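Colleague: mind looking at a prediction? Sequence and model below.
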Amino acid sequence: MCNTVAVTRARWTTETTPLPPHALAWLSRRVGLGEPLPEVPVEAPAPALSADAFTALEAVCAVSVEPSDRLGRAGGLSYLDLLRHRGHGSLAVPDAVVLPASPAEVVEVLQVCVEHDIAVVPFGGGTSVVGGVEALRGSKSAVVALDLAGLEALVSLDPVSRVAVLQAGLTGPEAERLLGEHGFTLGHVPQSFERATIGGFAATRSAGQASSGYGRFEDLVESVRVATPVGEWVVGAAPASAAGPDLKQLVLGSEGLFGVITEVSVRVRPKPYGSRYEGFVVDGWEAGVELVRTLAQDGALADVTRLSDVDETEVALALAGPRADVVRKYLRLRGVRQPCLVILGWECRSRSATMSSLSGKKVVRLGRAMGASWLHGRFNGPRQRDALLDAGVCVETLETATRWSGVSQMRDAVRAALVAELGSPVVMCHISHAYETGASLYFTVLVPRDLADPVGQWERAKVAASGAISRLGTITHHHAVGRDHLPWLEGEIGTIGVDVLRAVKARLDPTGILNPGKLV
Ligand SMILES: Cc1cc2nc3c(=O)[nH]c(=O)nc-3n(C[C@H](O)[C@H](O)[C@H](O)COP(=O)(O)OP(=O)(O)OC[C@H]3O[C@@H](n4cnc5c(N)ncnc54)[C@H](O)[C@@H]3O)c2cc1C
């Protein structure tokens, strides 16, 4: 058995929180409920790791070939991953799970894997939704999941410079707990916070919900320690540098292809004394986009700045139950016809800058209760997804970023592609990360599951939506490339870009053991 917690795959948590009756009633009215999917038990095939390789790995660190440990690291947490773990679609299962407990052990594991020609999939929290941790073996005869859970220390903290060195396997909550003991915070809180890790954030260039205040994860990184098949590499030494191109940026977003990140040196901030979240409503999507753009270009964004479109606002109100009737009535009285919810949250940024930029704009204030309710439920998405899957609903998300001038065109194009493929899905959209020149768009899709072909239903929709996304913006703002976005990468970075990535990989991983089939 592995010396770490069991990793659940088919669900976010082991205890599913059922949807309340009013939410189920709304779902069956607006989306329609599909038949519950029969769960087919999934079995791990016999491990293909040779006895010699097993012995060599075991001489370095803990290794497990237990079926439950291997199934627990088989793939990420996309809708298709969840279907695979419920017995629909084919599941790639690693032959073993290796659990190094120090950066030195990670280097040694890689050496063994080079010698025995074994593919290695770095595995953090396993929350990838783009096939990033799929246990593909490429041309190798075996594949291991290299679980970073044993690298869980706060290595050092320089309170004067406000820099902390965190090991890669720390989860979001653990990292915050350790920093909190010294009065600091990282402030990086993606929706996958509870399970995702520091190494995973760095390897995918993750964006947290408060990215407008604290920055994206790559903005927080000062240096990275990486174990590669050709030795250890420490990149980044100073708060700023002109010593050639920023090589650290080659490691950030490298999705486990260039090396295994073992430690990350990050900028931290004093823990805020308090935070304040508020809800607002604007009349219509265009007015909301204009408002968020103004805040971004005035330098007045709140740490969390989030605009929901009409559909997402309707769903948020529907799920809130009878309380929402009062809000709807109030908004009608205020003459709002197309309510779009705006959540603003301040932790480290100045509220007064935001409020003065908002002054004179047509915005209805819903107050702190609405903001607090969003904050309270900010991690509910994955749990609700479990419940939706159980209720026969296909539920998945897509994301991108584009310039302000193209934001609404992007929203319309993605929606049209999804409608053309899925019939009449509910498509919700929000902006959750805003920049001076543009914003990210995040889509959530709900449609009754096609019981005859649940996998194909979403695969076709994803291809259609990704085609629209790639024509108008980036194929991914924060979920990364993995396996699922790979077909669109060359269109975005060009043939030369792909060749550059391949050349870097050839230097750092000459025999190609690291994470085959992803990114390039
Ligand atoms: C419900 C849900 C909500 C999400 N919300 C957000 C969000 O708000 N913002 C966001 O940015 N993302 C979000 N994601 C996507 C995902 O959580 C992020 O990509 C996250 O950064 C992955 O971290 P992880 O530790 O789980 O990495 P994993 O899923 O384990 O791995 C992701 C990729 O990084 C590689 N990798 C992992 N650790 C290392 C390492 N130490 N060294 C080298 N390579 C490594 C893996 O091989 C893989 O290619 C969400 C996912 C889910 C399921």
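Modeller: The structure has been received and is ready for your questions. Remember, predicted model here, so these are calculated numbers, not experimental data.
Colleague: now residue 70. Its backbone dihedrals?
Modeller: Main-chain dihedrals, residue 70, degrees, to the nearest 10: phi -70, psi -40.
Colleague: same deal with residue 342?
Modeller: phi -120, psi 130.
Colleague: what secondary structure does the nearest residue to it once chain neighbours are set aside sit in?
Modeller: In this structure, residue 342 finds its nearest non-sequential neighbour in residue 280, 4.3 Å apart by C-beta to C-beta, 6 or more residues apart in numbering. Placement of C-beta: from N, CA and C, glycine included. Per DSSP: H, G, I helix; E, B strand; the rest coil, the local secondary structure of residue 280 is strand.
Colleague: how about the one 10 residues further on?
Modeller: Under the three-state scheme (three-state DSSP), the conformation of residue 290 reads as helix.
Colleague: and stretch 464-481, which residues are buried?
Modeller: The neighbour-count check on stretch 464-481 (16 or more other C-beta atoms under 10 Å) flags 464-466, 468-470, 472-481 as buried.
Colleague: which of the residues you listed lies closest to the ligand?
Modeller: Using C-beta to the nearest ligand atom, residue 478 is the member of these that lies nearest the ligand, at 3.6 Å.
Colleague: ok, now which ones touch the residue nearest to the closest one when sequence neighbours are not counted?
Modeller: Excluding the flanking residues, the one nearest residue 478 by C-beta to C-beta, 6+ apart is residue 207, at 3.9 Å. By C-beta atoms under 8 Å, 6 or more residues apart in numbering, the contact list for residue 207 reads 190, 216-217, 433, 440, 477-478.
Colleague: and residue 207, what helix or strand is that in?
Modeller: Element membership for residue 207 (DSSP states H and E) is empty, with no helix or strand holding it.
Colleague: now do residue 413
Modeller: Secondary structure (DSSP H and E) places residue 413 in helix 407-422.
Colleague: can you name the residues of the stretch 101-250 of the chain sitting close to the ligand?
Modeller: Neighbours of the ligand within the stretch 101-250 of the chain, by C-beta under 6 Å from any ligand atom: 121-129, 132-133, 148, 168, 190-192, 196-197, 199-201, 203-204, 206-207.
Colleague: how about 5 Å then?
Modeller: 122-129, 132-133, 148, 168, 190-192, 196-197, 199-201, 203-204, 206-207 (C-beta under 5 Å from any ligand atom).
Colleague: and if you look at the stretch 301-450 of the chain?
Modeller: With C-beta under 5 Å from any ligand atom as the criterion, the stretch 301-450 of the chain comes near the ligand at residues residue 382.
Colleague: ok and the residue in the stretch 301-450 of the chain nearest the ligand?
Modeller: Taking C-beta to the nearest ligand atom, the ligand has its nearest neighbour within the stretch 301-450 of the chain at residue 382, 3.9 Å off.
Colleague: between the buried residues of stretch 464-481, which sits nearest residue 373?
Modeller: residue 478 (24.3 Å; C-beta to C-beta).
Colleague: ok, the closest one to residue 430 distance?
Modeller: 13 Å (C-beta to C-beta, to the nearest Å).
Colleague: pLDDT weak spots in this structure?
Modeller: In the predicted model, the chain carries pLDDT under 70 at residues 1-8.
Colleague: tell me the domain boundaries of it?
Modeller: 21-150, 154-270, 276-472 (automatic domain parsing).
Colleague: check the offset of the shortest one from the chain's centre.
Modeller: Read it as domain 154-270. Taking C-alpha atoms, centre = their mean, to the nearest Å, one finds domain 154-270 lying 15 Å from the centre of the chain it belongs to.
Colleague: what ranges do the helices span in the stretch 301-450 of the chain?
Modeller: 310-320, 323-333, 351-358, 368-376, 381-390, 407-422 (DSSP state H, counting those that start in this stretch).
Colleague: which of these sits closest to residue 237?
Modeller: Nearest to residue 237 among the helices of the stretch 301-450 of the chain is helix 351-358 (33.7 Å), distances taken as C-beta to C-beta.
Colleague: nearest residue to the middle of this structure?
Modeller: residue 479 (4.8 Å; C-alpha atoms, centre = their mean).
Colleague: return the residues in contact with that residue.
Modeller: Going by C-beta under 8 Å, 6+ apart, residue 479 touches 128-130, 204, 399, 485.
Colleague: filter these down to the ones in helices?
Modeller: Using DSSP state H, the members of those that fall within helices are residue 204.
Colleague: any chance of the contacts of residue 479 in CSV, plus neighbour count?
Modeller: Formatted as CSV, those follow (neighbours: other C-beta atoms under 10 Å):
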residue, neighbour count
128, 29
129, 20
130, 23
204, 28
399, 24
485, 23
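Colleague: out of the contacts of residue 479, list just those in strands.
Modeller: The strands, defined by DSSP state E, take in residue 399 from the contacts of residue 479.
Colleague: of all pairs in the contacts of residue 479, which one is the farthest apart?
Modeller: Greatest spacing in the contacts of residue 479, by C-beta to C-beta: 128 and 399 (13.4 Å).
Colleague: number of residues surrounding the residue lying closest to residue 235 once chain neighbours are set aside?
Modeller: Distance criterion C-beta to C-beta, 6+ apart; nearest residue to residue 235, sequence neighbours excluded, is residue 248 at 4.5 Å. Residue 248 has 21 neighbours, counted by other C-beta atoms under 10 Å.
Colleague: quick one, what contacts residue 122?
Modeller: 133, 146, 148, 199, 203, 256, 260-261, 514-515.
Colleague: name the element it belongs to?
Modeller: strand 118-123.
Colleague: after that strand, next one along is what?
Modeller: Immediately after strand 118-123, counting by DSSP H and E, sits strand 142-147.
Colleague: how far off centre is that following strand?
Modeller: That offset, for strand 142-147, works out to 21 Å (C-alpha atoms, centre = their mean).
Colleague: use 36 as the first number for this chain going forward.
Modeller: That works, and once the first residue is 36, the last one we named lands at strand 177-182.
Colleague: need the residues that contact that strand.
Modeller: By C-beta under 8 Å, 6+ apart, strand 177-182 touches 37, 39, 82-85, 88, 92, 98, 105, 108, 127, 129-135, 141, 144, 148, 151, 153-158, 168, 170-172, 204, 295, 551.
Colleague: since that was my last question, I'll sign off now.
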